[in-house]
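**Q** Kindly return the folded structure for what I paste below:
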Amino acid sequence: MGDVLSQSEIDSLLQALSSGELDVEEMKEDKEKQVKNYDFKRPAKFSKEHLRTLEIIFDHYGRLLSTNLPIHLRKNVQVSVASSETFTFSEFTNALSNPVILGIINFNPLPGTVIIELASNLGFAMIDRMLGGAGDPLDKARDFSEIELSVLDRIMVTCMQLLREPWKNVVDINPLLERIETNPQFAQVIAPNDMIAIVTLNMVIGDVEGLMNVCLPYFTLENIMDRLNTKYWFANMQENSDETYGEYIETMIRRADMPIKALLGKSRVSVLDFANLQVGDIIRLDTRVDSELEVYVGNIKKFTALPGTNKDNYAVRIMDVIREEE
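**A** Numbering: from 1, shown residues only. Below is the predicted model:
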C-alpha cells in the first residue's frame, strides 16, 4: 500500500499540476523506467537478505582470523568484510590469476565444496613470516614450491577450522580441507553456469594488504537458504550465546599448554663440586626414595606423586590433589 497523502500535500500536488510544474506524461515515463530486465542465464538465487546474512557471518569470521592468525605469524593481522556479490562460477574462475592459492574445502554435512581464494602476495608474506622472515611479499609472482605449499597447508587448515564458530548459529559444520590448488584449471569443482556468492575479505598483515575471497555455491547452501536471514541468525545467537561462550572459553583453556614439573628433591653443593660434575656422579637429595614428590603446574604446587618408570621413561604416579585451601 502506498503512502497516504495529507490534505495539504494533495492541494500542493493539484496546484503543481494545474500550473504546469508537473507533467503527467513525464511521470508515466519515469514509472516505466523502473522495469528491470531479468537475465535467465543468471537467476537471482541469492537475495539481498542472504548476502547481508553472509556478511554478518564472515564479519565474525574476520574477527576470529584477526585474533588467531597472529599466534602463527607473530604479526598484527586485520581482517574486515569488503563486499558480497553473486556471480557464475565461470566468471569467478576467469578472473583468477595464475599462480593463485585456492583451498578446496568439503563443507560437511552440506553437499559440495567451498573455495577460499587467498591473494598470492598474502601467501608469500605468510610463508616468509612462518620461515622466520620479516613477512615481505615477492616482487615478482612465481609458482609455489612443495615446501611452501606444506607451510600454506597449515595456514589454510587454521583458516578452515575457524569457519565452524561463525556458522554455528545457522548449521553445525565439520569442514575438511581436501587440497590446495595453485592453478585455476584444476579447481573446476562446480559447474561453470552455477550461481555462487562471493564474500570478499580485506586482509592486512603488517604492511602487506590483499584480498581473501570465499566462494559459496548455491548448490551447497540450498538446503539452508531459509536460515540465511538476519532474524533467524540473531534469534539463534541469542538462545545459544551464553552456552556457546562458555563452551568457547572452556575449549580455549583446554588448548592452553601448561608446564608440569615434579621436584625430586633439593641439595646444596659448592660451585667447585658443581663445575666438576661428571656422568655417573651421585647427588644426595633431601628426600627419600619412597617419599612423595611435589608436582607443580606452572609455579603452583598442585599434586603429590610417587616416582617410577613407564617402559623406558621416567614417570610419576599422582597420589593426591593439593587443594587451594591447603
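
**Q** Can you give me the neighbour number for residue 158?
**A** 16 (other CB atoms under 10 Å). C-beta coordinates here come from the backbone N, C-alpha and C atoms, glycine included.

**Q** do the same with residue 115
**A** 23.

**Q** Can you name the residues that contact residue 97?
**A** 120, 141 (CB atoms under 8 Å, 6 or more residues apart in numbering).

**Q** secondary structure class for it?
**A** Recorded secondary structure, residue 97: coil (DSSP: H, G, I helix; E, B strand; the rest coil).

**Q** Can you tell me the centre-most residue of this structure?
**A** Centroid-nearest residue in the chain: residue 162, 3.6 Å away (criterion: CA atoms, centre = their mean).

**Q** Next, count neighbours for the closest residue to it other than its chain neighbours.
**A** Nearest residue to residue 162, sequence neighbours excluded (CB to CB, 6 or more residues apart in numbering): residue 64, at 4.5 Å. Residues within reach of residue 64, counting by other CB under 10 Å, total 19.

**Q** tell me the SS of residue 64?
**A** Residue 64 ends up helix, using three-state DSSP.

**Q** So it is in contact with residue 161, correct?
**A** No: counting by CB atoms under 8 Å, residue 64 stays clear of residue 161, with 9.6 Å between them.

**Q** Which parts of the stretch 201-326 of the chain are strands?
**A** Using DSSP state E, counting those that start in this stretch, the strands of the stretch 201-326 of the chain run over 208-217, 260-263, 293-297, 300-310, 313-321.

**Q** Check what contacts stretch 78-88 and list those residues.
**A** With CB under 8 Å, 6+ apart as the criterion, stretch 78-88 contacts 42, 44-46, 51-52, 54-55, 58-59, 61-63, 65-66, 69, 192-204, 211-212.

**Q** Keep only those of those that are in helices.
**A** The helices, defined by DSSP state H, take in 51, 52, 54, 55, 58, 59, 61, 62, 63, 65, 66, 69 from the contacts of stretch 78-88.

**Q** can you put the residues you listed in TSV and add pLDDT, distance to residue 307 and neighbour count?
**A** Output for the ones in helices among the contacts of stretch 78-88, formatted as TSV (pLDDT from 0 to 100; distance: CB to CB, whole Å; neighbours: other CB atoms under 10 Å):
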residue	pLDDT	distance to residue 307	neighbour count
51	86	63	17
52	88	62	14
54	88	57	22
55	88	58	18
58	90	53	25
59	90	53	15
61	90	48	23
62	90	50	24
63	90	47	15
65	89	45	20
66	88	46	16
69	87	42	23
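
**Q** Please, where are all the helices along the stretch 51-200 of the chain?
**A** Along the stretch 51-200 of the chain, the stretches classed as helices by DSSP state H, counting those that start in this stretch are 89-94, 120-130, 146-161, 164-167.

**Q** And the ones you listed: which comes nearest residue 73?
**A** helix 120-130 (4.5 Å; CB to CB).

**Q** got the CA positions of the closest one in CSV?
**A** Extracted C-alpha coordinates of helix 120-130, given in CSV (Å, rounded to 0.1, in the frame of the first residue of the first chain):
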residue,chain,number,x,y,z
SER,A,120,49.4,-14.7,-3.7
ASN,A,121,51.1,-11.7,-2.1
LEU,A,122,49.5,-12.6,1.2
GLY,A,123,50.5,-16.2,0.7
PHE,A,124,54.2,-15.3,0.2
ALA,A,125,54.1,-12.9,3.1
MET,A,126,52.7,-15.6,5.4
ILE,A,127,55.4,-18.1,4.2
ASP,A,128,58.1,-15.5,4.8
ARG,A,129,56.8,-15.0,8.4
MET,A,130,56.5,-18.7,9.1
